[in-house]
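J.: Here is a sequence with its predicted model. Questions after.
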Amino acid sequence: MIAAIVRFSVRNAGLVLAIASAVVIYGVVRMLGASLDVFPEFSPSQVVIQTESPGLSADLVETLVTNPVEQSIGGVAGLRSIRSQSIPGLSVVTVVFADGSDIYRNRQLVAERLAQAASQLPRGIAPAITPLTSSASTVLGVGVTSKTRNALELRSLVDWTIRPHLLAVPGVADINVFGGKVRQWQILVDPLRLTQAGLSLPELASAARQLTGVRGAGFVESANQRIGLAIESQAASAEELASAVIGRRGGRPLLLGEVARVVEGRRHRSAARRSTASRVSSCSSRASSAPIRATRHSRSSARWRRSHHCSSARVSPCTRRCSGRPTSSKPRSATCARTC
């Protein structure tokens, strides 16, 4: 048998060489497109549901949020088990499906059940399915520092400029932002002035909500066309919001600044969300995508954003997943070091 194979190979050397070349080329193409990673995809097919419940204790979260969500998910096709965790202000339900099942179909089934269970949850509380990520999802960490911008400006830069650009990178499923200060307009009520004006706190909250809302203004029809109307009622600064009219008292307009102070501040962070790091964003790779490729694209996107739109801030990749090559542990900046 072996002698026959050798004789055939010697007599048809060109054919053997062509077949070997085709096999090598096919192997290289498949290797370049393979979803290679440091660790294999070991997590089961699962859907994670997170529901924020501000102000509720762990017992109330378990009773009012977690139990209705679990009851609505029960009986879904392919379901293997349900795990849940209830902590103050947050409910996490993990739905595990059978191995080999279609994860996109599983997410669709869960979303349909959650839509039906929305009426059973407290008002203002809506469950959300977390993005579809791989088992070891974090592929890149980006640190943003600046000598001229404060924490509010850096957080706004990350939320409105860097984060949308990184989300557009192929293979990136989610961006988590840690640190910084979220900009807010805060209304500090003076109880004495509020009482003198004859307003209650719910009435003031309702008036402030109407001031900051965006509403349609309808249209005006002419003989030739229909002209849409737009109302520019959104305040551009805290000073403009303070000068807005919230009612009438004694025949004159009552301004918001007469019963409260409107200042620009930062959103309060709970103890569970505090972070010792400065402005850092972490990229998570999408499941069934190549994490190494997503890491390279994310690093290229971060470098492009740094060179084009962040002249007053420094964008430094500080942590990334291994890509098969050894990396140096030498710090790249004062606050970020690339580790692997």
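T.: Received it, and whenever you're ready, just let me know what you need.
J.: mind listing what Gln186 touches?
T.: 262-265 (Cβ atoms under 8 Å, 6 or more residues apart in numbering). C-beta here means a position set from N, CA and C on the backbone, and glycine is covered the same way.
J.: can you tell me how far it sits from Gly265?
T.: 5 Å (Cβ to Cβ, to the nearest Å).
J.: Glu221 too?
T.: Distance from Glu221 to Gly265, by Cβ to Cβ: 45 Å.
J.: okay, the two: which has more neighbours?
T.: Neighbours were tallied for Glu221 and for Gly265 using other Cβ atoms under 10 Å; the higher tally belongs to Gly265 (14 against 8).
J.: Show me where this protein has its helices.
T.: Shown for the chain, the helices assigned by DSSP state H span residues 2-11, 13-33, 58-61, 67-73, 103-117, 151-157, 163-167, 191-196, 201-211, 238-242, 291-308.
J.: which outside residues touch the first one?
T.: The set of residues external to helix 2-11 that reach it, using Cβ under 8 Å, 6+ apart, is Val16.
J.: Now do that helix against helix 13-33, angle only.
T.: Counting by axes from the mean of the first three to the mean of the last three Cα atoms, to 10 degrees, helix 2-11 lies at 90 degrees to helix 13-33.
J.: what about helix 2-11, distance to the chain center?
T.: How far helix 2-11 lies from its chain's middle: 61 Å, per Cα atoms, centre = their mean, to the nearest Å.
J.: which non-adjacent residue is nearest Gly55?
T.: Spatially, and ignoring its direct neighbours in sequence, Gly55 is nearest to Gly89 (7.0 Å; Cβ to Cβ, 6 or more residues apart in numbering).
J.: returning to what we had before: out of the helices of the chain, which is closest to Leu256?
T.: Of all the helices of the chain, it is helix 238-242 that lies closest to Leu256, at 5.5 Å by Cβ to Cβ.
J.: How far away from the center of its chain is the closest one?
T.: Centre-to-centre, helix 238-242 and its host chain are 30 Å apart (Cα atoms, centre = their mean).
J.: Let me see the residues that make contact with it.
T.: Helix 238-242 is contacted from outside by 185, 211-212, 235, 255-257, 260-264, using Cβ under 8 Å, 6+ apart.
J.: Looking at those, which has the smallest pLDDT value?
T.: In terms of pLDDT, Thr212 ranks lowest among the contacts of helix 238-242, with 75.
J.: what sits against that residue?
T.: 234-235, 241.
J.: related to what we said a few turns ago, out of the contacts of Gln186, who's nearest Ala173?
T.: Using Cβ to Cβ, Gly265 comes nearest to Ala173 of the contacts of Gln186, at 32.0 Å.
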